[in-house]
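[1] Here is my input; please provide its structure:
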Amino acid sequence: MVVKQEGVNVSMYPILKHLHLICVALSLVGFIIRGAWALTDSPLLKHRLTRVLPHVIDTVLLLSAVALAVIMAQYPLQAGWVTAKVVGLLAYIGLGTLALKRGRTRRMRAIAFVGALLVYGWIVSVALSKHPAGWVASLAGG
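    Have a look, this model is predicted:
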């Protein structure tokens, strides 16, 4: 993809995109591991690295997303698919919080965990398709 925009260093696009994709994968793997630990009441969930590293990865993920949006001139409320990803991110954060910390019962945490994974998959499908509905569009026949 050739990206052209005045005043922005578009040569950074491939680096930022790869950094973003690496963080997407690391964030997902970390969430799955922490989710499994939350469902089994593992003490590893309380380890310092387990509490700090996800925030570092997710911060880099978010910053790279913002940088890519600027380079591509694709902004929330201007580009439907970007708006959908932001809304999905908020849903993922809410469900992830229930799955890892706030869920009062194991059942509630499990349901939130599965919901968060579904939302995560949907966000990825929105990014790949550049369509606000992502994989939901293919289910609906669109």
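[2] Need the contact partners of stretch 72-87.
    Stretch 72-87 is contacted from outside by 3, 5, 13, 65, 69, 123, 126-127, 129-134, using C-beta atoms under 8 Å, 6 or more residues apart in numbering. C-beta: built from backbone N, CA, C; applies to glycine.
[3] Give me the pLDDT for the closest residue to Gly35 other than its chain neighbours.
    Once flanking residues are discounted, Gly35 sits nearest to Phe113: 4.5 Å by C-beta to C-beta, 6 or more residues apart in numbering. pLDDT, Phe113: 97.
[4] Now name the helix or strand holding Phe113.
    helix 106-129 (DSSP states H and E).
[5] From His55, how far out is Ser138?
    34 Å (C-beta to C-beta, to the nearest Å).
[6] and if you look at Cys23?
    Using C-beta to C-beta, Cys23 is found at 12 Å from His55.
[7] ok, the two, which is more surrounded?
    Each of Cys23 and His55 has its neighbours counted (other C-beta atoms under 10 Å); Cys23 has more, 20 against 9.
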